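Novice: Quick one, fold the following:
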Amino acid sequence: MKKFNSLTEKIIKFRDERDWKQFHNPKDSAISLSLEASELLEHFQWKTKKEVSEYVKRNKKEIGEELADVLFWVLLMSHDLNIDILKDSIEKLEKNKDKYPIQKSKSKHIKYNRL
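Specialist: Numbers count the residues shown, from 1 in each chain. Below you'll find the model as predicted:
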């Protein structure tokens, strides 16, 4: 939790020093989050499982930077919308435990409503 708070503070400071908060309404922040997630996807597009494995070994830094961009937007939106993302993440995990009980979902990739 402390690390998330520290990172969030650094992100807010970075943004505020550039006077970018004016551009960070929920709609545009959500779009930016989606765009960064899409940039992450580009690393894997059109690659076979074997190609992905080799690609990740050679491009881990770049993939990590895209993951960081996604995380930045998650933390920024959480802050701006006054959402306790850590608390909500824990609650969502508990909810998913109910939706995907081990005895029904282990080793399956079926959505909860089809188990």
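
Novice: burial measure for Lys99, as a count.
Specialist: A count of nearby residues for Lys99, using other Cβ atoms under 10 Å, gives 13. Where C-beta positions appear, they are placed from N, C-alpha and C, glycine not excepted.

Novice: so who does it touch?
Specialist: Tyr112 (Cβ atoms under 8 Å, 6 or more residues apart in numbering).

Novice: Mind pulling up the pLDDT for it?
Specialist: Listed pLDDT for Lys99 reads 93.

Novice: ok, now Phe14?
Specialist: In this prediction, Phe14 carries a pLDDT score of 98.

Novice: Past the helix or strand containing it, which element shows up next along the chain?
Specialist: In this assignment (DSSP states H and E), Phe14 forms part of helix 2-17. Counting by DSSP H and E, the next helix or strand C-terminal to helix 2-17 is helix 26-42.

Novice: rewinding a little: give me the helices and strands touching the helix holding Phe14, please.
Specialist: helix 49-80 (3 or more Cβ pairs under 8 Å, 6 or more residues apart in numbering; DSSP states H and E).

Novice: ok and the helix or strand following the helix it packs on relative to helix 49-80, angle-wise?
Specialist: Going down the chain from helix 49-80, the next helix or strand is helix 85-99, by DSSP H and E. Here the directions of helix 85-99 and helix 49-80 differ by 120 degrees (axes from the mean of the first three to the mean of the last three Cα atoms, to 10 degrees).
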